[in-house]
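Participant: attaching a predicted model along with its sequence, questions to come.
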Amino acid sequence: MLDIKDKLIVALDVDTLKEAKDLVDKLYPSVKIFKVGSQLFTACGPEAVKMIAQKGAKVFLDLKSHDIPNTVKKAVEVAAKLEVFMLTVHLSGGKEMLQAAASVVNRPKIVGVTVLTSQSEDGTANKVLELAKLAKNSGLDGVVCSMSETKMIKKELGKGFLVVNPGIRPKDSSSNDQKRIATPKEAIDAGADFIVVGRPVIQAEDPRKAALNILKELG
């Protein structure tokens, strides 16, 4: 059973290593997992991952790898050497690519991206479930999806199949460019193993207080 502090992932969606380090310094150890996505990784590369690890926190590397099977496998191998805790691949890459990623020995946890929470269309739930089944059958550890599909995935694929919910917005927060959003408590109550919060924390006047308020909401 994960501790509440282990369920919150703060997205370091900033442009510089200094900004990222300042946030980690303020938030750790209240926050134990940080997301490094395309924005920060493009700016700083592995240095961002190393900085977080040196602090004692875990890294969720969210680069949504989508390429030929061998290239994705090599990317997972490199992430393993960086001692990343968890990473993402895009499920639209297909079964061969996913199996190649999952085949890496001593690899991080791998979760597959289903449908982005900035997208909303008819039939989304069925599409997400279909992709989640593909992820499990390919050997992945779980998926990234919205809160709306979490209960369904847990019911169909089991409690041990990880679900990561992005698009999390505390009450009274702006939805920004997200469409399928949820509050932290709604996501955890639906069965999410991890929730990803970015702007409501990192753009807050007091990021640590914002993170503590989320943890308090989670109980």
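Facilitator: Good, I have the coordinates. Numbering: from 1, shown residues only.
Participant: which strand of the chain spans the most residues?
Facilitator: For the chain, the strand reaching the highest residue count under DSSP state E is reported as strand 58-65.
Participant: what are the buried residues along the following helix or strand past that strand?
Facilitator: Per DSSP states H and E, the first helix or strand lying C-terminal to strand 58-65 is helix 69-81. Buried residues in helix 69-81, defined by neighbour count with 16 or more other Cβ atoms under 10 Å: 69, 72-73, 75-76, 79. All C-beta spots, glycine's among them, are computed from the backbone N, C-alpha and C.
Participant: and the residues you listed, which is closest to residue 14?
Facilitator: residue 79 (20.5 Å; Cβ to Cβ).
Participant: that closest one contacts residue 61, doesn't it?
Facilitator: Yes: using Cβ atoms under 8 Å, residue 79 is in contact with residue 61, at 5.6 Å.
Participant: shared neighbours of these two, anything?
Facilitator: 87, 108 (Cβ atoms under 8 Å, 6 or more residues apart in numbering).
Participant: and the regular element (helix or strand) spanning residue 132, what's buried?
Facilitator: Element membership for residue 132, per DSSP H and E: helix 124-137. Within helix 124-137, the residues that qualify as buried are 124, 128-129, 131-132, 134-136, counting by 16+ other Cβ under 10 Å.
Participant: could you do stretch 201-213 as well?
Facilitator: Buried-residue list, stretch 201-213, by 16+ other Cβ under 10 Å: 201-202, 207-208, 210-211, 213.
Participant: cool, stretch 30-48 as well?
Facilitator: Applying 16+ other Cβ under 10 Å to stretch 30-48 flags 30-37, 40-41, 44, 46, 48 as buried.
Participant: over to stretch 184-201?
Facilitator: Buried residues in stretch 184-201, counted by 16+ other Cβ under 10 Å: 184-188, 190-201.
Participant: what's the offset of the helix holding residue 132 from the middle of its chain?
Facilitator: 17 Å (Cα atoms, centre = their mean, to the nearest Å).
Participant: average pLDDT across that helix?
Facilitator: Mean pLDDT, helix 124-137: 96.
Participant: so which of the buried residues of helix 69-81 would you say is closest to residue 4?
Facilitator: Closest approach to residue 4 among those (Cβ to Cβ): residue 79, at 26.1 Å.
Participant: tell me the confidence at that closest one?
Facilitator: Reported pLDDT for residue 79: 98.
Participant: how close does it sit to residue 203?
Facilitator: 27 Å (Cβ to Cβ, to the nearest Å).
Participant: is it true that residue 106 touches residue 80?
Facilitator: Yes: between residue 106 and residue 80 there is a contact under Cβ under 8 Å: 5.9 Å.
Participant: could you list the low-pLDDT ranges of this structure?
Facilitator: 1, 117-122, 172-180 (pLDDT under 70).
Participant: mind listing the strands for it?
Facilitator: 8-11, 33-37, 58-65, 86-90, 109-113, 142-144, 162-165, 194-197.
Participant: ok, the third one: who's next to it in the sheet?
Facilitator: When you say that, I think you mean strand 58-65. strand 33-37 (parallel), strand 86-90 (parallel) (DSSP bridges).
Participant: buried ones in it, by neighbour count?
Facilitator: 58-65.
Participant: those residues into a markdown table, with extra columns for distance to residue 25?
Facilitator: Shown next, in a markdown table, are those (distance: Cβ to Cβ, whole Å):
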| residue | distance to residue 25 |
| --- | --- |
| 58 | 16 |
| 59 | 16 |
| 60 | 18 |
| 61 | 20 |
| 62 | 21 |
| 63 | 24 |
| 64 | 27 |
| 65 | 29 |
